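Chemist: This is a predicted model, with the sequence first.
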Amino acid sequence: MPDQFSVYEGGIVDVASLGFMQIDSEGNVNPSILPERFTGPGGFPVIAAGSLRVYFAGGFTAGKREIKVKDGRLRIVEEGSIKKFVKKVYKVLFSGKEVLYITERAVFRLTENGIELKEYAPGIDVEKDIISKMEFEPKTSSDLK
């Protein structure tokens with residue numbers, strides 16, 4: 001186990017895929033810390049700092065939800081009640097380099113100007129299923145797919 005963290009700290013990891021709890025408009029990530037709860041980031045800071053590229057993958061919202069795929073199209077049956085894309089994360093544990101944020105319905109990337117919507121899943125209404133579920137409005141890629 002200690003040798004594994006030496007690899008991360010040595011900067012020889014080309015890419016890491018990590019989860020997220022909150023992401024804000026500047027691309028900052030809070031993976032695990034909430035007010036009034038004793039939690040920690042685990043190996044998150046070491047892995048994120050030691051990787052050249054980082055991909056964050058997770059559900060677009062949290063809480064009870066039901067999502068189905070039919071005929072190659074994503075359908076949100078029941079939306080999660082907790083927003084994960086927020087104005088300001090509770091605690092910044094990661095901030096910037098080459099980054100993608102990947103969810104079941106959308107892919108965002110970090111740019112110099114903040115978070116940009118790059119792709120969305122077939123069957124998704126960008127305004128209804130993405131923008132309205134965020135506490136900020138992301139930039140939109142000129143080649144949105």
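Modeler: Right, received. Where do you want to start?
Chemist: and the end-to-end length of stretch 63-83?
Modeler: With Cα to Cα, to the nearest Å as the measure, the ends of stretch 63-83 fall 9 Å from one another.
Chemist: Show residues contacting it.
Modeler: Stretch 63-83 has contacts (Cβ atoms under 8 Å, 6 or more residues apart in numbering) with 59-62, 104-105, 121-124, 129, 133-135. C-betas here are computed from N, CA, C, even on glycine.
Chemist: Taking these, tell me the two that lie furthest apart.
Modeler: Using Cβ to Cβ, the contacts of stretch 63-83 span at most 25.5 Å, a distance reached by 122 and 135.
Chemist: With neighbour numbers in mind, choose between the two.
Modeler: Applying other Cβ atoms under 10 Å to residue 122 and residue 135 shows that residue 135 carries more neighbours, namely 13 against 10.
Chemist: Touching, the more buried one and residue 61? I think so.
Modeler: No: shown here, residue 135 and residue 61 do not form a contact pair, counting by Cβ atoms under 8 Å, at 11.6 Å.
Chemist: ok, residue 113 touching residue 141?
Modeler: No: at 11.5 Å, residue 113 does not count as touching residue 141 under the criterion of Cβ under 8 Å.
Chemist: tell me the mean pLDDT for the helix or strand containing residue 48?
Modeler: Per DSSP states H and E, residue 48 falls inside helix 44-50. Helix 44-50 comes out with an average pLDDT of 77.
Chemist: For that helix, list every residue counted as buried.
Modeler: For helix 44-50, a neighbour-count test (16 or more other Cβ atoms under 10 Å) marks 44, 46, 47, 48, 50 as buried.
Chemist: Stretch 128-142 now?
Modeler: Judged by neighbour count using 16+ other Cβ under 10 Å, the buried positions of stretch 128-142 are 129, 130, 131, 133, 134, 136, 138.
Chemist: same check, this time on stretch 64-76
Modeler: Using 16+ other Cβ under 10 Å as the test for burial, stretch 64-76 gives 65, 67, 74, 76.
Chemist: How far does that stretch sit from its chain's centre?
Modeler: Offset of stretch 64-76 from its chain centre (Cα atoms, centre = their mean, to the nearest Å): 19 Å.
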